[in-house]
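S.K.: sequence first, then the predicted structure, then my questions.
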Amino acid sequence: MPRPIDILEKSKGKRIFIKLKNGVEVTGILQAFDLHLNIWIEEGEERKDDKVVKFGSMLVRGDTIIYIAPIL
Amino acid sequence: MPRPIDILEKSKGKRIFIKLKNGVEVTGILQAFDLHLNIWIEEGEERKDDKVVKFGSMLVRGDTIIYIAPIL
Amino acid sequence: MPRPIDILEKSKGKRIFIKLKNGVEVTGILQAFDLHLNIWIEEGEERKDDKVVKFGSMLVRGDTIIYIAPIL
Amino acid sequence: MPRPIDILEKSKGKRIFIKLKNGVEVTGILQAFDLHLNIWIEEGEERKDDKVVKFGSMLVRGDTIIYIAPIL
Amino acid sequence: MPRPIDILEKSKGKRIFIKLKNGVEVTGILQAFDLHLNIWIEEGEERKDDKVVKFGSMLVRGDTIIYIAPIL
Amino acid sequence: MPRPIDILEKSKGKRIFIKLKNGVEVTGILQAFDLHLNIWIEEGEERKDDKVVKFGSMLVRGDTIIYIAPIL
Amino acid sequence: MPRPIDILEKSKGKRIFIKLKNGVEVTGILQAFDLHLNIWIEEGEERKDDKVVKFGSMLVRGDTIIYIAPIL
């Protein structure tokens, strides 16, 4: 029976949306993740109150994440 | 003796309501979950203060959840 | 020597009151629980500031609970 | 060498005072507790801002507790 | 190589000052503690905004503590 | 399959940007990290509301981190 | 490969600066620490909003720490 992180595996190489506990939203191309939901993305963008900051890579700590949504 | 997550098993393929710690409400079709109550839903909708955002899939992190209620 | 969760066992099938960390109060018929105090109730009702929402079933996450009181 | 929970053992059957992280104060007759400091009390009373609510039994979750004091 | 809790051992029987996360300050004679820094004190006093409450014994939960300082 | 912390390995000796939960931003040359994402940096700078404080070395505790981004 | 706490070892006997989650700053001579980053310092000083309190020894609980910086 697949676990949520097994299904997340299919989003590797695709852009995902991450909602963080501090209200910040992050998007990026999913490269890697682990059991704690620590996430490594490329072409990362942070967005808060319409202010956008672009990053190359980002390691988002799992315990700051509310939800992750693959971008269609 | 069934545990809460054993009973949740019966809601797979059905729509559930999830109340999050930040006041946000999420609904979606339950696809998968794990021991930490990480939840994978399809046809996800986030609702806060009457503002609705539709997602395809969502992985909701277990430690942000207050309660889950199967929608009748 | 009984642990608190051993004594909670006697409330199965009876209505309990649950006080949550976000100020919300929940009541329902206790069906199941686990070591983390994740709780499955039936005929669940959420109450906050005199606003009542009725649910069929609810899985309340243990780490959001302040206390549980069997209703006499 | 006794641990704090070994000393708490002597308060079984006696009334204790529990200060909670949300500012609420609870008193009751200590019946049982576990390693997480989950507490089962009888004749429980919750007190906040001079408002008192009486309960029969209460299971107080350990991680909401600031301190426990045996009532002399 | 001594760990912090090994050094704390020397304060047994002496008065310590405990600063808590909710701004409260507690003092008392250190009787016992465990690996989680749960603390048992005697002749406990709680102080907040110059209001002092005296207790006989107190079990302070480790995860509410910011720091502990032996009183000289 | 590489985990996020495996990819972080490539940033050793390079400057990284760390966003903390309390709103503070830290940059420095990555020297070492562990499984909890505790980070040791050299030539550390803390920045909050345009106020900059320079440090030699800094050990940033993993559980205060929102994300880490290598500086290009 | 050294971990952050291995590098911290070199600061033993030297003065360190500790930033805490509640905004308080603490300095002192590092005597001991453990895997949780619980810290034992001597000649401790707590500083908040320019108010300084001097302590002899202090045991600072690891989970209240944002970062530690050796003082040059």
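M.R.: Everything's here; your move.

S.K.: ok, residue A:62 to chain F distance?
M.R.: According to CB to the nearest CB, to the nearest Å, residue A:62 and chain F sit 9 Å apart. Yep, even glycine has a C-beta here, placed from its N, CA and C like the rest.

S.K.: give me every residue that touches that residue.
M.R.: Contacts here follow CB atoms under 8 Å, 6 or more residues apart in numbering or on different chains; on that basis residue A:62 touches A:33, A:34, A:36, A:37, A:38, A:39, B:61.

S.K.: of those, buried ones?
M.R.: By neighbour count, with 16 or more other CB atoms under 10 Å in any protein chain shown, these hold A:33, A:34, A:36, A:37, A:38, A:39, B:61 as buried.

S.K.: dump those into TSV; add pLDDT, distance to chain C and secondary structure as well.
M.R.: Shown next, in TSV, are those (pLDDT from 0 to 100; distance: CB to the nearest CB, whole Å; DSSP: H, G, I helix; E, B strand; the rest coil):
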residue	pLDDT	distance to chain C	secondary structure
A:33	98	22	strand
A:34	97	21	coil
A:36	96	16	coil
A:37	97	16	coil
A:38	98	20	coil
A:39	98	22	strand
B:61	98	11	coil
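
S.K.: nearest to residue D:6, of these?
M.R.: Using CB to CB, residue A:36 is the member of the buried ones among the contacts of residue A:62 that lies nearest residue D:6, at 34.0 Å.

S.K.: any idea which element the nearest residue to residue A:12 once chain neighbours are set aside lies in?
M.R.: Residue nearest to residue A:12 in three dimensions, not counting chain neighbours: residue A:30, with 5.3 Å by CB to CB, 6 or more residues apart in numbering or on different chains. Residue A:30 is part of strand A:25-33 when elements are defined by DSSP states H and E.

S.K.: quick one: strands adjacent to that strand?
M.R.: Sheet pairing of strand A:25-33 (DSSP bridges) gives strand A:15-20 (antiparallel), strand A:39-48 (antiparallel).

S.K.: those strands: which one's closest to residue B:10?
M.R.: In terms of CB to CB, the element of those nearest to residue B:10 is strand A:15-20, at 28.1 Å.

S.K.: return the distance of that closest one from the chain's centre.
M.R.: Its chain's average C-alpha position is 4 Å from that of strand A:15-20, according to CA atoms, centre = their mean, to the nearest Å.

S.K.: try stretch A:52-67
M.R.: Taking CA atoms, centre = their mean, one finds stretch A:52-67 lying 6 Å from the centre of the chain it belongs to.

S.K.: in it, what's buried?
M.R.: Under the neighbour-count criterion of 16+ other CB under 10 Å, stretch A:52-67 has A:55, A:57, A:58, A:59, A:60, A:61, A:62, A:63, A:64, A:65, A:66, A:67 buried.

S.K.: just the pLDDT for the residue nearest the centre of chain A.
M.R.: Using CA atoms, centre = their mean, the residue of chain A that lies closest to the mean C-alpha position is residue A:18, 4.2 Å off. On the pLDDT scale, residue A:18 is placed at 98.

S.K.: picking up where we left off before, farthest-separated two in the buried ones among the contacts of residue A:62?
M.R.: Going by CB to CB, the pair spanning the buried ones among the contacts of residue A:62 furthest: A:34 and B:61, at 13.4 Å.

S.K.: before we move on, the earlier item: ok, so of the contacts of residue A:62, who is nearest chain D?
M.R.: Chain D lies nearest to residue B:61 out of these, by CB to the nearest CB, at 18.4 Å.

S.K.: quick check: chain neighbours aside, which residue is closest to that closest one?
M.R.: residue A:65 (5.1 Å).

S.K.: just list whatever residues bridge to that neighbour.
M.R.: Counting by DSSP bridges, residue A:65 forms beta bridges with residue A:20.

S.K.: how about it, what does it touch?
M.R.: Contacts for residue A:65 (CB under 8 Å, 6+ apart) come out as A:18, A:19, A:20, A:21, A:37, A:39, B:61, B:64.
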